[in-house]
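Engineer: Output the structure for:
(chains A and B)
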Amino acid sequence: MSDLDTQTRDALAELLLAMADDEFVLGFWDSEWTGIAPILEEDVAMSSVSQDEIGHAKALYELLAGLTGDDADKIAFGRPAEAYRHAALMNHARTDWAFSIARRFLYEHADAVRLESLAASSYEPLADLAVKMRREETYHLLHFDLWLRRLAEGGEESHSRLRGAIEALWPDAQAVFAPLAGEARLVAARILPESLEALRARWLERVTERLQAVGLAVPPTAGSPEADGRTRRTDEFAWLHGEFTMVSGSEADATW
Amino acid sequence: MRDKAGPHDRVWEVFRQEAEGDPMIHGGSVKAPDEELATHYAREFYGRRQESQRLWIVPRDAITELDDPDLLKPPFDRSFKRPGGFLIKHKLEAARERAGSPQVDEVAE
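Structural biologist: Numbering: from 1, shown residues only, chains lettered A, B, ... in the order given. Take a look at the predicted model:
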């Protein structure tokens, strides 16, 4: 919106990019299950959920592009790997089914907490989008809570794989709430109605309750997320970036 | 025709309604170990494109099947049991004549 001052607009752009990249990168990782998920029905379900995330990313990139006068496709596909701002949780390859389910479980609850808060954002286009996204995310939450329980209670192997994945991902999951440079400004303008630390506390409460309910230990949390939670990148992500930019990079400025 | 479904791959028949008030129409089936996952998969297969107003998800083994040809297709001409089984063309013509209404050429059986 034009009535935002430059610094507030930059802060909002930073928030939108973080959220869009979370959804975009996770959507790509999990779309890798297409064709190889444990059962045919789940193959369709996982692919569909991944498409939902790409759809949410598209809406967020478009909102961002409208704000900065940029192009949504360029933002999505035209950046080098280091310029992506997804949380470190999305730095990892899909690994095995338990790992993908653990990540989904941790992320879906973080996303839910974030969207619940943003539904009351003073920046109306974002509030409207958050309300729409929440309706679709309701099903995602149900689906991955269900899978978490099944793997946790499914037997020794699935339980231990899941436990290992939760432990491995736990520090990077905090990074969904890593501080943003313009956060204070966003909170002051009520574009972000609550601080990211407040959101993280709520997320922690919810995932703790669910993990305990299915007999999974909650790993220790080493304080607030690090400042580089959204900037540190891995070789695994660099590989994925090469994959998802391959087609758009093959013919710069082509009209598809 | 019934599948032997093990505990991990029960078959669920899915019926869908396109708009409020429409009849429930059989859409197809999904495999799932229980009602909870069957509901999720039915949603993915028959509702993810917003094409359904409502779904019914029914375990196939809850369906009573009747396909006995002796009961359904007995070897006699039973066409007279259909609503069109009686030829009423001439009776209709006579009735119209009595009522003085104009002649209609074609009256469906």
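Engineer: and residue 56, what element?
Structural biologist: As the question left the chain open, I've gone with chain A. helix A:40-68 (DSSP states H and E).
Engineer: switch to chain B, that's the one I care about
Structural biologist: Here residue B:56 sits within strand B:54-59, counting by DSSP H and E.
Engineer: Quick one: mean pLDDT for the next helix or strand along the chain from that strand?
Structural biologist: Once the chain leaves strand B:54-59, the next helix or strand it forms, by DSSP H and E, is helix B:69-72. Taken as a whole, helix B:69-72 carries a mean pLDDT of 88.
Engineer: follow-up on the earlier one: summarise which helices and strands the helix holding residue A:56 is packed against.
Structural biologist: For helix A:40-68, the packing partners by 3 or more C-beta pairs under 8 Å, 6 or more residues apart in numbering or on different chains; DSSP states H and E come out as helix A:6-31, helix A:72-77, helix A:124-153, strand B:25-32, helix B:35-46. In short, each C-beta sits where N, CA and C put it, glycine included.
Engineer: Determine which stretch of the ones you listed is the most buried.
Structural biologist: Counting by mean count of other C-beta atoms under 10 Å in any protein chain shown, helix A:6-31 has the highest mean neighbour count of the helices and strands packed on helix A:40-68, with a mean of 22.
Engineer: do that one and chain B meet?
Structural biologist: No: using C-beta under 8 Å from any C-beta of the partner chain, helix A:6-31 never reaches chain B; the gap is at least 14.1 Å.
Engineer: From the contact counts, what lies against that helix?
Structural biologist: With contacts taken as 3+ C-beta pairs under 8 Å, 6+ apart, helix A:6-31 sits against helix A:40-68, helix A:72-77, helix A:97-118, helix A:183-188, helix A:235-244.
Engineer: residues in contact with residue 72?
Structural biologist: Let's take chain A. Residue A:72 makes contacts with A:58, A:61, A:62, A:64, A:65, as judged by C-beta atoms under 8 Å, 6 or more residues apart in numbering or on different chains.
Engineer: The intended chain is chain B.
Structural biologist: Residue B:72 makes contacts with residue B:66, as judged by C-beta under 8 Å, 6+ apart.
Engineer: re the thing from before, so which of the contacts of residue A:72 is surrounded by the most neighbours?
Structural biologist: Per-residue neighbour counts (other C-beta atoms under 10 Å in any protein chain shown) across the contacts of residue A:72 peak at residue A:61, which has 25 neighbours.
Engineer: Turn the helices and strands packed on helix A:40-68 into a markdown table, columns for distance to residue B:94.
Structural biologist: Output for the helices and strands packed on helix A:40-68, formatted as a markdown table (distance: least, C-beta to C-beta, whole Å):
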| stretch | distance to residue B:94 |
| --- | --- |
| helix A:6-31 | 72 |
| helix A:72-77 | 75 |
| helix A:124-153 | 64 |
| strand B:25-32 | 42 |
| helix B:35-46 | 52 |
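Engineer: how about the residues of chain B near chain A?
Structural biologist: Within chain B, the positions adjacent to chain A are B:30, B:31, B:32, B:36, B:37, B:40, B:41, B:43, B:44, B:45, B:48 by C-beta under 8 Å from any C-beta.
Engineer: Which one of the contacts of residue A:72 is nearest to chain B?
Structural biologist: Ranked by distance to chain B (C-beta to the nearest C-beta), the contacts of residue A:72 are led by residue A:58 at 16.9 Å.
Engineer: got the contact list for the closest one?
Structural biologist: Residues in contact with residue A:58, defined by C-beta under 8 Å, 6+ apart, are A:72, A:76.
Engineer: hmm, try it at 7 Å
Structural biologist: Listed by C-beta atoms under 7 Å, 6 or more residues apart in numbering or on different chains, the contact set of residue A:58 reads residue A:72.
Engineer: Show me the shaky parts of the chain.
Structural biologist: As the question left the chain open, I've gone with chain A. A:1-2, A:256 (pLDDT under 70).
Engineer: let's do chain B instead
Structural biologist: B:1-8, B:84-86, B:101-109.
Engineer: Not counting its neighbours along the chain, what's nearest residue 24?
Structural biologist: Just going to use chain A. Closest residue in space to residue A:24, ignoring its immediate chain neighbours: residue A:57 at 3.7 Å, by C-beta to C-beta, 6 or more residues apart in numbering or on different chains.
Engineer: my bad, the chain I had in mind was chain B
Structural biologist: Nearest residue to residue B:24, sequence neighbours excluded (C-beta to C-beta, 6+ apart): residue B:15, at 4.2 Å.
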